[in-house]
Structures are given as structure tokens and as C-alpha cells.
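**Student:** Starting from these lines, generate the structure:
(chains A and B)
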Amino acid sequence: MKKSMVTLLAALSMVSLLAAGCANKEAVKKEEAVVPPAAVEKVEPAKPAEEAKPAEKAAEAQPVQEAVTPAATPQAEQPAAAENNFETVYFDFDKSDLRQDARDVLSKNAELILKSFPNAKIQIAGNCDERGSAEYNLALGERRAKSAQKYLITLGVKAENLSTISYGKEKPAVLGHDEAAWAKNRRDDFVVIK
Amino acid sequence: MKLLLFVLLLLVFPGVLYAQSGYVEVTASGNRQLKLAVASPHSLDASPDPGSAKLVSDIITFDLNMSGVVLAESRLLLSPPVNLSLADADFALWQSAGFDLLVLSEYSLKGGQLTIEYRLYDVTTHKLITAKRFLGAAKDLRRFSHSFADEILRALTGVKGVFTTRIAYVSAQTGNKEIYIMDWDGHNPLPLTRNGSINLNPDFSPDGRQIIFTSYKRGNPDVFRRSLSHTAEVAISTRKGLNITPCWSPDGNKIALALSKDGDAEIYTLNKDGSHPTRLTINPALDLYPTWSPDGTQIAFVSDRLGNPQIFVMNSDGSNVRRLTTTGNYNVNPRWSPNGNRIAYSRMTSGGFNIFTIAPDGSADTQLTFEGNNENPSWSADNRLICFSSKRSSGNGIYVMRADGSGQTKVSHGKETDFQPAWSTH
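**Tutor:** You can find the predicted model right below:
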């Protein structure tokens, strides 16, 4: 029993390592804007000295070259733009367990994190609708944020990059006093904070 | 002499008894309520300000009516005013107008300097029951009048009123949730925080000089303390996760609150400086909103350990946990009465939240509000009144009612965005 657990864990971590590896490469190809400035600096001076190296390096140099321009733009804009790429996770009334649609959304968010923000600090903000008591909702919102956090970790996102906060019912996404509004407010938002 | 007075009082109003020397015990149940006239104050100035006179009688009348101890009425003087110390009032006129008690006062307001004297008379016996004289500035008129209303209750019941106390609350009138403080009757609202963040759940220190509250001003729900006289805010608990629903112990030495540093929301006590956290609940459920019994030996709190939020009571070391509320499936916001006899709380019913009180042994569960959404009850120090936040057709804001649910009155004057009131003990 114990042994199979260990094997499972090992397999899981292999998968997540692979996922992280792939994510890095793909990120360079598709999303030039998110190449951290540090990476640009490192590769550039290396270029002239590496002429004898395999063709693989030359191919990689191309996107990096393009990346110079976006990397020069103010850094603050990057998280702001990135925030909108995460999808919001929704919950049932007085519940913090993840519905199937929530799991699907979290899978997409995990993919996005692994591909585009492998080292970013991401905050999950849990929220509630206006109906419960303000104080109980602070605790419930935290539970919702932690549900998402746990699930993202099982999908390979590094635990140390995820933090949670609860706003209870203090930060509704939409104003309104009907089920349509309430459903939109029972949610987890995802924000890149660093 | 005293015996004679006693007999006379019994003959005249059977509801009045001298329970012990120094005050009149009012036991109105089954009898008509005592009627008290608050006569317009007599101004000693050449050109009196009618506004000030009206203010005095309105304040005393409002305070005493809210107490429920007497039925008070503002009245013009029935006979031409005379200097208080020179002649007695015309008691026969007041008696035939149906009053048992009479408040007379006279004041002088010169160059911003206020002198005011109040007197409470027994109309039937013509006796002066109590009197007070105050010297101060013009702005003290409200406070002095509240103070004499406190004294009237002390003289009539032995327990002074709470009309000089204040209520801390949260208001979103600026668009942000900031902590404010106001007189118990809603006057003199004053912002305490102005940090533009989210500030919640203020609670007073037992001496009434400081408040603790939760603020997101550093990006996490942390607990801060500040005195009412200084703007400096001291961080009390900035532990990872939730630092919420702080509640000062009755002796002022500890703070009970909910922290989630060890996973989910659990009840802890801290020293008043925030040090030495002691965990009281160990449970995968949410535990929050602690409130102390007045002797500090027990704590009531909210927990969803049985699936939905209910109120539980435990010893203040975390032992002997038992369920308090057994009716309704969403009970929150417990607040223990200062005399220990009742716990007020809020229940979500099909129509919204309503305030209830229950005995600490779970008996005599009583509903007090029946309209709209009513939350966060907080007791007055004399156990007579409960303030709470309400959203109802007659207006949203902070309301005050008697402990039996009667006399529900909106006291906050803001933009209907005031909530989470906490009543000071002093």
C-alpha cells in the first residue's frame, strides 16, 4: 500500500516536471511577452560566443531576439494583462467543494500557470455572495480559495507559488440581489501578485 | 419619616417600591407605566436660544423612552418659569396633567460658556429625587443632557443609563468600509479609520478607550488596535490567513478571535498585545465570532462542525464544548449580555436574518425582530438595550431596541450603509 503511494507520488512529480519543462519551451515560442528580462540578458551575451554549438541554439535565439522589445516595456503591465487570462471558479451556496465545471476551469488555469507563469506568485481570492453573515463568509471564502489551491497543487503548480486570501462578501464582482448576481459572486479570482 | 414616605408611595403608585435606600425601584409589570414630563428648560439669558432648550428636552425624552422604564414626554412649562432655587414647581398642575415625575432645568449660555442644572421631582410627594449641575462649553449640551438621563435611571432603578456611551460601527459611506464611532443615539458620527481599505468588526476595550478591529490595509485581514484619542494603529495579529472577529475579554487582559494560521478558522485567545496565542478549538470546521461570558470563564462562538453555522459554548480553556442553538439552520453573531443572563444572536430565516436572544443553557429562545435583515446584535452595558444593523423598509442602518425587542428605532443618520455596530461599556 505504502509502496504504491510512493510510486504514484513519484509518477505524479515526473509528470509535473515534464509539464513544467514543456511549458517553458512553449512559452518562449508562443508568448514572447512573458520571457522574463533576466532570461533575455543571460542568452544575449552568450550568442556571439556560441557559434560552434548545435543548430538548436540558433533556433532558440530567434524568439529571444524578438523578445527584447516587449521585455523593455514597463513590467507592471504584464501582471495586469495576465490577470484577465485566468478564468474565475464558481461555487454553490454555502459550499466550497469544486463542481465539475470548477475543476475544468482550474485545469485550464493550471495549464496557463505552468506555461506562462511557472515562477510567478499567484494569489487565489475567495469570495461569497451577500446572503450569509459577513464573518462566516470570511471563513467560507478562505475555504473556497483553499479548495482551488489544493486542486492546482495536484495539477502540478508549485505550492510555494500559491497564496490565498478571503474577502468574504466584501468585494462582490457584480451588484445585485438575485440568483444571477449571487452565482457570479460565489467565486475564486486568480491574480498574479509577483 | 422614611416609613411614611414608603407607605405613601405604595398608596399612590402601587408599582413603585423602595427596594433599597437611595433609589426608587420601578416594577411596572401589570401596572401602568410611570409618566415623566420633561419640561422645557428655563433660560436665564436675556436672549435665549430656543434651539438649545428643545435639544435638552428632546434628548432626555428620547433617552428615557428608549429605556422603557418610564413614559417620557417633552412639555412646555405649565406655569411661568421661576428660578429653580427660588420656588417649587406647580406640582398640582403637573399631577392633574397625568404625570408622576417631572424634570425641570435651567441654563445659561454666555460667550460659549454653558451652565445647566437639571432636577427630577416626584410630582405626588413634591420631593426632589435627584439634581445635577454642569459647567462646560456650548457643545457639551448633548452630553450633559444624556448624563442627566443616566442619572434619572440610576435614581429610579439603581442602575444608571447608558446614554453617554458610544457605538463603533462600519460605514461604507465613502465607498470604502471604514470604522466610525457615534453617540449611542447616532449623533456626532466620527471616522476613526481612513485607510481606503476594508475595515470590519470593531470591538471596544472594557474601559471604552480603545477599539480592536480587522483591517485589510496591509493586504491581509489582520487585527489592529487603536485608542479613540490617537490615530496610531498597532498591529495585534498579522498571522498568515484570517485574523478576524476579535473580542476583548471582560477583564481587558485577553482577546479572543478566529485565526486560520493552522489551516481553517479556529478560535484562539491572545494576550491583549497579540502575543501568546492559545488555540481553543481543534476541528476541521469553521470556528469564529467568539464572545466572552461576563465572568470570563466561558466563550460562545459560531461553528459549522455539524454542517451549518450554529452557536456553541465552551469553557474559556476550550474544554466542555456544547451546542447552544438547536433551532434554525444558520445561527451566527453571538453576543453575551453584560449580566450573563442572555446571549443575543442572529438567525437566517426564510425571510432574512433576525435577532434572537437565548439563555446560556439553551432555554427561552426568543425572537426579537421580524422584518428585513437584522444582524450583529451588541448589548448596552445596563442590559436594557441591544443595537444591531438592519436593512428594512423603514431604512437601513444601525438600530437600537429594548432587550425584549420593543421600541426598535433607527439611530444612525448616515447614508444607510452603516453596519456591524459594537456598543461601548463606558
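**Student:** Please make it C-alpha for all contacts and neighbour counts, starting now.
**Tutor:** Will do.
**Student:** Averaged pLDDT, stretch B:263-274. What do you get?
**Tutor:** Averaging pLDDT along stretch B:263-274 yields 96.
**Student:** check contacts around B:Gly68.
**Tutor:** Shown in contact with B:Gly68 (CA atoms under 8 Å, 6 or more residues apart in numbering or on different chains): B:Arg402.
**Student:** er, B:Glu375 I mean
**Tutor:** Going by CA under 8 Å, 6+ apart, B:Glu375 touches A:Ser133, B:Asn333, B:Tyr345, B:Ser346, B:Phe353, B:Asn354, B:Ile355, B:Phe388, B:Ser389, B:Ser390, B:Gln420.
**Student:** Helix or strand: which one has it?
**Tutor:** If you go by DSSP states H and E, B:Glu375 is part of strand B:373-379.
**Student:** before we move on, the earlier item: make CSV out of the contacts of B:Glu375 and add distance to A:Tyr151, secondary structure and neighbour count.
**Tutor:** Formatted as CSV, the contacts of B:Glu375 follow (distance: CA to CA, whole Å; DSSP: H, G, I helix; E, B strand; the rest coil; neighbours: other CA atoms under 10 Å in any protein chain shown):
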residue, distance to A:Tyr151, secondary structure, neighbour count
A:Ser133, 27, coil, 23
B:Asn333, 32, strand, 29
B:Tyr345, 36, strand, 27
B:Ser346, 34, strand, 28
B:Phe353, 34, strand, 27
B:Asn354, 37, strand, 24
B:Ile355, 39, strand, 28
B:Phe388, 40, strand, 27
B:Ser389, 38, strand, 26
B:Ser390, 39, strand, 29
B:Gln420, 35, strand, 26
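**Student:** closest to B:Ala232 among the residues you listed?
**Tutor:** Proximity of these to B:Ala232 (CA to CA) peaks at B:Gln420, which lies at 22.1 Å.
**Student:** ok, back up a step: what would the contacts of B:Glu375 look like in JSON lines with pLDDT and distance to B:Pro377?
**Tutor:** Output for the contacts of B:Glu375, formatted as JSON lines (pLDDT from 0 to 100; distance: CA to CA, whole Å):
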{"residue": "A:Ser133", "pLDDT": "96", "distance to B:Pro377": "12"}
{"residue": "B:Asn333", "pLDDT": "98", "distance to B:Pro377": "7"}
{"residue": "B:Tyr345", "pLDDT": "98", "distance to B:Pro377": "6"}
{"residue": "B:Ser346", "pLDDT": "98", "distance to B:Pro377": "7"}
{"residue": "B:Phe353", "pLDDT": "97", "distance to B:Pro377": "11"}
{"residue": "B:Asn354", "pLDDT": "98", "distance to B:Pro377": "10"}
{"residue": "B:Ile355", "pLDDT": "98", "distance to B:Pro377": "7"}
{"residue": "B:Phe388", "pLDDT": "98", "distance to B:Pro377": "4"}
{"residue": "B:Ser389", "pLDDT": "98", "distance to B:Pro377": "7"}
{"residue": "B:Ser390", "pLDDT": "97", "distance to B:Pro377": "10"}
{"residue": "B:Gln420", "pLDDT": "98", "distance to B:Pro377": "8"}
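**Student:** Pull the CA coordinates from stretch B:134-152 and hand them back as PDB.
**Tutor:** Presented in PDB, the C-alpha positions along stretch B:134-152 are these (Å, rounded to 0.1, in the frame of the first residue of the first chain):
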ATOM      1  CA  PHE B 134     -22.900  71.100  34.900                       C
ATOM      2  CA  LEU B 135     -20.400  73.700  33.700                       C
ATOM      3  CA  GLY B 136     -18.900  73.400  30.300                       C
ATOM      4  CA  ALA B 137     -18.900  74.600  26.700                       C
ATOM      5  CA  ALA B 138     -21.900  75.000  24.400                       C
ATOM      6  CA  LYS B 139     -21.100  71.800  22.600                       C
ATOM      7  CA  ASP B 140     -21.500  69.800  25.900                       C
ATOM      8  CA  LEU B 141     -25.200  70.400  26.000                       C
ATOM      9  CA  ARG B 142     -26.000  67.000  24.400                       C
ATOM     10  CA  ARG B 143     -23.500  65.100  26.700                       C
ATOM     11  CA  PHE B 144     -24.800  66.800  29.900                       C
ATOM     12  CA  SER B 145     -28.400  66.000  29.000                       C
ATOM     13  CA  HIS B 146     -27.500  62.400  28.300                       C
ATOM     14  CA  SER B 147     -25.700  62.300  31.600                       C
ATOM     15  CA  PHE B 148     -28.700  63.500  33.500                       C
ATOM     16  CA  ALA B 149     -30.900  60.900  31.700                       C
ATOM     17  CA  ASP B 150     -28.400  58.300  33.000                       C
ATOM     18  CA  GLU B 151     -28.800  59.800  36.500                       C
ATOM     19  CA  ILE B 152     -32.600  59.700  36.300                       C
END
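**Student:** Could you list the residues in contact with it?
**Tutor:** The contact list for stretch B:134-152, computed with CA under 8 Å, 6+ apart, reads B:52, B:55-56, B:59-60, B:63-64, B:109, B:112-118, B:120, B:130, B:132, B:160-164.
**Student:** Which residues of chain A lie near chain B?
**Tutor:** Residues of chain A that fall close to chain B, judged by CA under 8 Å from any CA of the partner chain: A:132-133, A:135-136, A:138-140, A:142-143, A:164-166, A:170.
**Student:** so B:Arg194 sits right up against B:Glu178, yeah?
**Tutor:** Yes - assessed by CA atoms under 8 Å, B:Arg194 is found in contact with B:Glu178 at 6.4 Å.
**Student:** and B:Arg32, how many neighbours does it have?
**Tutor:** Residues lying near B:Arg32 (other CA atoms under 10 Å in any protein chain shown) number 13.
**Student:** ok so, going back, so what strands line up beside the strand holding B:Glu375?
**Tutor:** Strand B:373-379 sits in its sheet next to strand B:385-391 (antiparallel), going by DSSP bridges.
**Student:** name the helices or strands packed onto whichever helix or strand comes after the strand it pairs with?
**Tutor:** Sequence order places strand B:397-402 as the next helix or strand after strand B:385-391, per DSSP H and E. Here strand B:397-402 touches helix B:50-67, strand B:385-391, strand B:409-410, strand B:418-423, going by 3 or more CA pairs under 8 Å, 6 or more residues apart in numbering or on different chains; DSSP states H and E.
**Student:** Mind putting these into CSV with distance to B:Asp287?
**Tutor:** CSV is the format used below for the helices and strands packed on strand B:397-402 (distance: least, CA to CA, whole Å):
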stretch, distance to B:Asp287
helix B:50-67, 35
strand B:385-391, 22
strand B:409-410, 31
strand B:418-423, 19
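**Student:** Check the secondary structure at the residue of chain A found nearest chain B for me.
**Tutor:** Using CA to the nearest CA, the single residue of chain A nearest to chain B is A:Ala139, 6.1 Å away. Following DSSP: H, G, I helix; E, B strand; the rest coil, the label given to A:Ala139 is helix.
**Student:** wait, it sits on A:Tyr167?
**Tutor:** No - in this structure A:Ala139 lies outside contact range of A:Tyr167 using CA under 8 Å: 9.0 Å.
**Student:** Comparing these two, which residue is more hemmed in?
**Tutor:** Between A:Ala139 and A:Tyr167, counting by other CA under 10 Å, A:Ala139 is the more crowded of the two (30 against 24).
**Student:** Once you drop chain neighbours, what's closest to A:Thr164?
**Tutor:** Once flanking residues are discounted, A:Thr164 sits nearest to A:Ile124: 4.7 Å by CA to CA, 6 or more residues apart in numbering or on different chains.
**Student:** confidence score at B:Leu78?
**Tutor:** B:Leu78 is given a pLDDT of 86.
**Student:** what about the nearest residue to it once chain neighbours are set aside, how many neighbours?
**Tutor:** Leaving aside its chain neighbours, B:Leu78 sits nearest to B:Leu93 (6.9 Å; criterion: CA to CA, 6+ apart). Around B:Leu93 sit 14 other residues, with neighbours defined as other CA under 10 Å.
**Student:** Put the alpha carbons of the helix or strand hosting B:Leu93 into PDB.
**Tutor:** Element membership for B:Leu93, per DSSP H and E: helix B:91-96. The C-alpha coordinates for helix B:91-96 follow below in PDB (Å, rounded to 0.1, in the frame of the first residue of the first chain):
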ATOM      1  CA  PHE B  91     -46.900  70.300  41.100                       C
ATOM      2  CA  ALA B  92     -50.700  70.300  41.200                       C
ATOM      3  CA  LEU B  93     -50.800  71.300  37.500                       C
ATOM      4  CA  TRP B  94     -48.400  68.500  36.500                       C
ATOM      5  CA  GLN B  95     -50.300  66.000  38.600                       C
ATOM      6  CA  SER B  96     -53.600  66.900  37.000                       C
END
